[in-house]
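1. just need the structure, nothing else, for what follows:
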Amino acid sequence: MDADEPLDEWAKRREERKRPIGELKAVILGHEHAAAHLHPRAPRVILRWDGYQWSPYRMADGYAAAQRVLHGTDDGQAAVLPTGPSGQPMAPGTGRHRKP
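-> Prediction:
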């Protein structure tokens, strides 16, 4: 705060910088400090800012479900898509970028 700045202007500027109440964020369960794209199927807890702390708000089955909740496209009935067996991550072959 500048000595010449009026208190009401400083308070208004401070209020604009504060996190809005009701803001949501998703946190991966079981993987501390991991990026979201590393564990797309890991369950997430949706946290809501109450003006003082992050408090649990809702659970999501994975990254896609969490994004639907965060961006307001979830209608409350998250669709669970069946997941089949995944293909081999490293198919046989001698690709040019493979280690010998």
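2. could you say which helix or strand holds residue 69?
-> Per DSSP states H and E: residue 69 is located in helix 63-70.
3. contacting residues around that helix?
-> Helix 63-70 has contacts (Cβ atoms under 8 Å, 6 or more residues apart in numbering) with 24-26, 36-37, 39-42, 44, 46, 58, 60, 74, 78. (Glycine included, C-beta is placed from N, CA and C.)
4. spell out the residue ranges of the helices in the protein.
-> Ranges of helices within the chain are 7-17, 63-70, based on DSSP state H.
5. how about the helix holding residue 69 as CSV, C-alpha atoms only?
-> Extracted C-alpha coordinates of helix 63-70, given in CSV (Å, rounded to 0.1, in the frame of the first residue of the first chain):
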residue,chain,number,x,y,z
TYR,A,63,-9.7,-36.7,-15.3
ALA,A,64,-12.6,-36.4,-17.8
ALA,A,65,-15.3,-36.5,-15.1
ALA,A,66,-13.4,-33.9,-13.1
GLN,A,67,-13.1,-31.6,-16.0
ARG,A,68,-16.9,-31.8,-16.6
VAL,A,69,-17.5,-30.8,-13.0
LEU,A,70,-15.0,-28.0,-13.1
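6. alright, that wraps it up for me.
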